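Asker: Provide a 3D model corresponding to the input given below.
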Amino acid sequence: MRLLLDEYVPARLRRALASHEVSTVVVEGWSGIKNGKLLAVAAQRFDAFVTVDKNLPYQQNTAALSTAVFVLDAVSNELPYPLPLIPALEEQLSRVVKGSYVLIAADA
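Answerer: Residues are numbered from 1 along each chain as shown. Next comes the predicted model:
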């Protein structure tokens, strides 16, 4: 599966997602692009967009996208905090639906 990690998701999280083709907003050269345009561009090349921006689903119509959006709800975006959410993310990725929005929280 092709995954795009948002700007504020630790790039080193890619190592925990080794079974996927993972890139980052920074690597793609899309830093600073606002969420609406970023999601539209990402949807052309990626199956899922992974972010820590909990406000994104309130700002964007994720159902209209041809990519899925996953929000990692961790205390901080520093690597030790979202890393434990990877098993739940992997489980959700196995049944990904385009246009879906999935919140992955520590207590989920």
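Asker: can we go C-alpha only for contacts and neighbour counts from here?
Answerer: Noted.
Asker: surely residue 30 meets residue 38?
Answerer: Yes. The criterion here is CA atoms under 8 Å, and residue 30 meets it with residue 38 at 7.3 Å.
Asker: which element follows the helix-or-strand element of the chain with minimal mean pLDDT toward the C-terminus?
Answerer: None of the helices or strands of the chain scores lower by mean pLDDT, DSSP states H and E than helix 56-59, at a mean of 77. Where DSSP states H and E defines the elements, the next helix or strand beyond helix 56-59 is strand 68-73.
Asker: so after that next one, what's the next helix or strand?
Answerer: helix 86-93.
Asker: buried residues in that following helix, which are they?
Answerer: 89, 93 (16 or more other CA atoms under 10 Å).
Asker: that one vs strand 68-73, what angle?
Answerer: Per axes from the mean of the first three to the mean of the last three CA atoms, to 10 degrees, the angle that helix 86-93 makes with strand 68-73 is 160 degrees.
Asker: ok, residues contacting helix 86-93?
Answerer: Contacts with helix 86-93, where a contact means CA atoms under 8 Å, 6 or more residues apart in numbering, come from 16, 17, 70, 102, 104.
Asker: from those residues, which two are the most distant?
Answerer: Greatest spacing in the contacts of helix 86-93, by CA to CA: 16 and 102 (18.8 Å).
Asker: low-confidence regions, the protein specifically.
Answerer: 108 (pLDDT under 70).
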